[in-house]
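In: Predicted structure and sequence below. I'll ask about it afterward.
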Amino acid sequence: MSRWNIKEVAYYSHDGQVRKLEFEIGKVNIITGASGTGKSAVIQTIDYCFGSSTCEIPVFITDRVCAVAIHMVNGPTNAIIGRRVRTGPAKTSHQMYFNFGSAAVLPNNAKDLLGEGSRDITRASLERLLGISDAALHGGQSKDDEEESRVSLRQATAFMYLTKNVVDSDKTLFHGLDAPKSAGHIVASMPYFLGAIDARTLQGRFTIRGLKRGIEAEEKRKTLFQRNDDEFASVSRALLDEAIACGMPVTESAFLSTEDRLENLKSLANWSAKQSLPSSPDEKISPLTQVFSEKKEVSERLFGLRQEWRAAVATTRLTEEVQDGVERQRRKLNAIQFFDIESSTSVCPVCSSKTAEPSAKHLAIARAFQSLTAERDVVKRNKPILDAFMQRLRVSIEEASTTMRSLDIRAQELVAADRAFQIAEENSHRAARVSGRIAFFLENFSGQDPFDSNRLDRYREELESLEAEFGDDATEEKLRAAELIVSENATEIFQSLPVAEPFGKTRLVFNSKKPSITVRDATLGRSYKLTDLGSDQNYLSLHIALLFGMHRFFAEMKSPVPGVIIIDQVSRPYFPEQKKKGEARDEAEVTSEDAASLLEYFNFIFDEVERDEGLQVIILEHAYFVDDDRYRDAVRYRWRKADSERLIPPEWPQH
């Protein structure tokens, strides 16, 4: 059976030299040696040539090479995949080379690499040659994850590498599942590589995902349209109510339909305050100001009249008092009328004796009486004048009071009119603000087209049709059958490898959706998770059993996954990393007596490759079995600490 294998891996120096690693097709190929000699870089080099987005090749190598390449074969067909290597921090290059055909060979100089192209184009060409369909898994959200958004060789590498962080891991089942960015794509591609779906089904499922996103977008658009419509109805109704409260012209049709409401709002947005504001009085000749001015004048005149009235009243009162006093004095002195004034000037009116003094007093009394009589006459003559003056004051006061009352009434009327103007002016200002808010609302309200439900219905009909043909139900049975075959293969292998109790006779159940592995003990009726296995040896046995079990299935189903398994140190559980940081670990020569369990893994791998299913295994090892013929024959390169041979000669110049 023919499958794609790796025949050569090449490194090109800056000065035209080349370092080629040659591997046998359909065989076990082992590279042993000390740590730091470049063994692990073989996986990183192959992965870089398979179009990885980053270059993980160690800097010691990238400083000394300008390009790397691999030579793959499948029967008579050869494929050369090369890639430039940059120096410095940005080691990754997107410049690649691809050449294939029966005559394609790996050149000895990087300048002779053929088929230059971009990373995406080169990788797509290689995938078509391998038979990997150019079908999308799902739409990439950005250019950064575009390379992982379709079925590609990048997902197939999960079934080709047992790297140091996977080979005895208690958490990671396949290479790449520990990286969140690639894990989802590996899981999504699993049904394709297991043969449960073909390229047409995969494309159909991609279309289904697109339709689901389209339906989701349309439903969101519908919800948004409805929300915007409801919001428009609510806000516009509130604005119209405010406009009515401000006295703005709103027609009854504004509440009948959205179109009428929109027309009314547009009219109100152009509304002018002058349309509803009454004529404003001229502030310079304000009637209210004139009334207040007249009231002030009348008030001042009335105040003066009342002061004069009070003075006149006081004068009248004083006059009456004077008159009363004079009249009383006159009455007292009026007794002289009983005497003969002429005859009594020298005779005492009592004793009739003659005297000069009494006659003089008598004359004084008479003169006083005459004076009082004169004063009384003056008062009598002036009183009518005073009464007339007070009458005039009374009339003036009444007239001024009447004028004041009239002015008060006029002032009240003018104040009321002015208040109405103020209210109208306030409403006008409010209306102006409402008009501005309406204009702002209309400016920010994007008139949306009516929601097209036909497109949503069309999406749903198409989705229903595709799900009937390509949905999960259509491929679930095939996927379960594939998982069952892989589980049976893995169980058979697992039971033949070194496994610590109580897992020696358990079965492995593979689930591709998670993906996960369950260790089932039918005798005890118990199931164990990966983390329950407990020892590194058990984890190693499980990973080898699962990966080789899958490749048995790939070979049977003629899967496009290359028939290559690369393992970074099978002996890892038996020969752990160096104890001290920075301490290089040399090749470990072991005898079958010392490592019988470890040798069981290699014996299985040799036997598995000899099944003649086109499988090639490349092992990067520290262990070297000096007593095992098959192991020694499979060793292609042996880079010991004491020797000078390395993956890259140290004397190669740095760029």
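Out: It's in. Predicted model only: the values in this text are computed from it and were never measured.
In: how about the nearest residue to E600, chain neighbours excluded?
Out: Excluding its sequence neighbours, the residue lying closest to E600 (CB to CB, 6 or more residues apart in numbering) is P498, at 5.4 Å. (Each C-beta comes from the backbone N, C-alpha and C, glycine too.)
In: Give the full set of residues in contact with that neighbour.
Out: Counting by CB atoms under 8 Å, 6 or more residues apart in numbering, P498 touches 537, 541, 597, 600-601.
In: hmm, try it at 7 Å
Out: By CB atoms under 7 Å, 6 or more residues apart in numbering, the contact list for P498 reads 537, 541, 597, 600.
In: Could you do W652 as well?
Out: W652 neighbours (CB under 7 Å, 6+ apart): 13, 17, 64.
In: Pull out the buried residues from the residues you listed.
Out: Buried by 16 or more other CB atoms under 10 Å: 13, 17, 64, out of the contacts of W652.
In: does the first one have beta-bridge partners, and which?
Out: With DSSP bridges as the criterion, the beta-bridge partners of S13 are V65.
In: thinking again about what came up before, which one among the buried ones among the contacts of W652 gets closest to I81?
Out: If you rank these by distance to I81 using CB to CB, S13 comes first, at 19.0 Å.
In: Could you verify my assumption that the closest one touches A67?
Out: No. Taking CB atoms under 7 Å as the definition, S13 is not a contact partner of A67, at 9.4 Å.
In: Do you have the strands of the stretch 1-150 of the chain handy? List them.
Out: Listed in chain order, the strands of the stretch 1-150 of the chain (DSSP state E, counting those that start in this stretch) span 5-13, 18-22, 28-33, 65-74, 77-84, 95-101, 116-118.
In: orientation of the fourth one relative to strand 5-13 in degrees?
Out: Using axes from the mean of the first three to the mean of the last three CA atoms, to 10 degrees, the interaxial angle of strand 65-74 with respect to strand 5-13 works out to 170 degrees.
In: how much space between the residue nearest to E600 and L393?
Out: Going from P498 to L393 by CB to CB, to the nearest Å gives 139 Å.
In: okay, who's weakest in the contacts of P498 by pLDDT?
Out: Lowest-confidence member of the contacts of P498: S597, scoring 84 (pLDDT).
In: How about the contacts made by it?
Out: Counting by CB under 7 Å, 6+ apart, S597 touches P498.
In: Now T223: which helix or strand?
Out: Assigned by DSSP states H and E, T223 belongs to helix 199-245.
In: Heading C-terminal from that helix, find the next helix or strand.
Out: helix 258-269.
In: So for whatever helix or strand comes next after that next one, mean pLDDT?
Out: Where DSSP H and E defines the elements, the next helix or strand beyond helix 258-269 is helix 287-333. If you average the pLDDT over helix 287-333, you get 74.
In: ok, and the most crowded of the contacts of P498?
Out: Neighbour counts for those peak at S541, which has 28 neighbours (criterion: other CB atoms under 10 Å).
In: number of nearby residues for T87?
Out: Neighbours around T87, by other CB under 10 Å: 15.
In: which one is it nearest to, not counting chain neighbours?
Out: Nearest non-adjacent residue to T87 (CB to CB, 6+ apart): H655, at 4.6 Å.
In: and if you look at S299?
Out: Nearest non-adjacent residue to S299 (CB to CB, 6+ apart): M404, at 6.7 Å.
In: Now the one you found: which helix or strand?
Out: Here M404 is covered by helix 357-444, with elements defined by DSSP H and E.
In: cool, T518 as well?
Out: Here T518 sits within strand 516-521, counting by DSSP H and E.
In: Return the helix or strand in this structure with minimum mean pLDDT.
Out: Ranking every helix and strand in the chain by mean pLDDT, DSSP states H and E puts strand 588-590 at the bottom, with a mean of 65.
In: what's the helix or strand encompassing N538 in contact with?
Out: Assigned by DSSP H and E, N538 belongs to helix 536-557. Residues from elsewhere that reach helix 536-557, judged by CB under 7 Å, 6+ apart: 1, 3, 159, 162, 166-170, 195, 482, 485-486, 489-490, 493-494, 497-500, 503, 508, 510, 517, 533, 561, 563, 565, 573, 601, 608, 613-615.
In: Separate out the buried members of those residues.
Out: Here, 16+ other CB under 10 Å leaves 3, 159, 162, 166-169, 195, 482, 485-486, 489-490, 493-494, 497-499, 503, 508, 510, 517, 533, 561, 563, 565, 573, 601, 608, 613-615 buried among those.
In: Just to be sure, which of those residues are found in helices?
Out: Among the buried ones among the contacts of helix 536-557, the ones falling in helices (DSSP state H) are 482, 485-486, 489-490, 493-494, 601, 608.
In: Return the member of those residues nearest to K641.
Out: Checking these against K641 by CB to CB gives Y601 as the nearest, at 24.1 Å.
In: wait, doesn't that closest one sit right on Q569?
Out: No. Look at Y601 against Q569 with CB under 7 Å: they stay out of range, at 11.0 Å.
In: now the end-to-end length of stretch 25-43.
Out: 17 Å (CA to CA, to the nearest Å).
In: before we move on, what about stretch 244-262?
Out: With CA to CA as the measure, the ends of stretch 244-262 fall 16 Å from one another.
In: Contact partners for I567?
Out: 162, 167, 617, 619.
In: Could you check the pLDDT of the closest residue to S571 other than its chain neighbours?
Out: Spatial nearest neighbour of S571, excluding adjacent residues (CB to CB, 6+ apart): A623 at 4.1 Å. pLDDT for A623: 87.
In: which of the ones in helices among the buried ones among the contacts of helix 536-557 lies closest to A439?
Out: For those, the closest approach to A439 (CB to CB) belongs to A482, at 66.2 Å.
In: Would you confirm that the closest one contacts I197?
Out: No. Using CB under 7 Å, A482 is not in contact with I197; the gap is 10.2 Å.
In: Please save the CA atoms from stretch 106-126 in CSV.
Out: C-alpha atoms of stretch 106-126 as CSV (Å, rounded to 0.1, in the frame of the first residue of the first chain):
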residue,chain,number,x,y,z
LEU,A,106,16.0,17.8,-3.8
PRO,A,107,18.6,20.3,-5.0
ASN,A,108,22.0,20.8,-3.4
ASN,A,109,21.7,24.6,-3.4
ALA,A,110,18.9,26.8,-2.2
LYS,A,111,19.1,28.8,-5.4
ASP,A,112,17.9,25.8,-7.3
LEU,A,113,14.7,25.3,-5.4
LEU,A,114,11.8,25.5,-7.9
GLY,A,115,8.2,26.7,-7.8
GLU,A,116,8.5,29.8,-5.7
GLY,A,117,5.2,31.1,-4.3
SER,A,118,3.5,32.5,-1.2
ARG,A,119,2.9,30.3,1.8
ASP,A,120,-0.9,30.1,1.1
ILE,A,121,-0.5,29.1,-2.5
THR,A,122,2.3,26.6,-1.9
ARG,A,123,0.5,25.0,0.9
ALA,A,124,-2.8,24.8,-1.1
SER,A,125,-0.9,23.1,-3.9
LEU,A,126,0.7,20.6,-1.6
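In: mind listing what's buried in that stretch?
Out: 106-107, 110, 113, 115, 119, 122-126.
In: mind putting these in a markdown table, pLDDT and distance to Y637 included?
Out: What follows is these, written out as a markdown table (pLDDT from 0 to 100; distance: CB to CB, whole Å):
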| residue | pLDDT | distance to Y637 |
| --- | --- | --- |
| L106 | 95 | 17 |
| P107 | 95 | 21 |
| A110 | 93 | 22 |
| L113 | 94 | 23 |
| G115 | 93 | 28 |
| R119 | 92 | 29 |
| T122 | 93 | 28 |
| R123 | 91 | 28 |
| A124 | 90 | 33 |
| S125 | 92 | 30 |
| L126 | 93 | 26 |
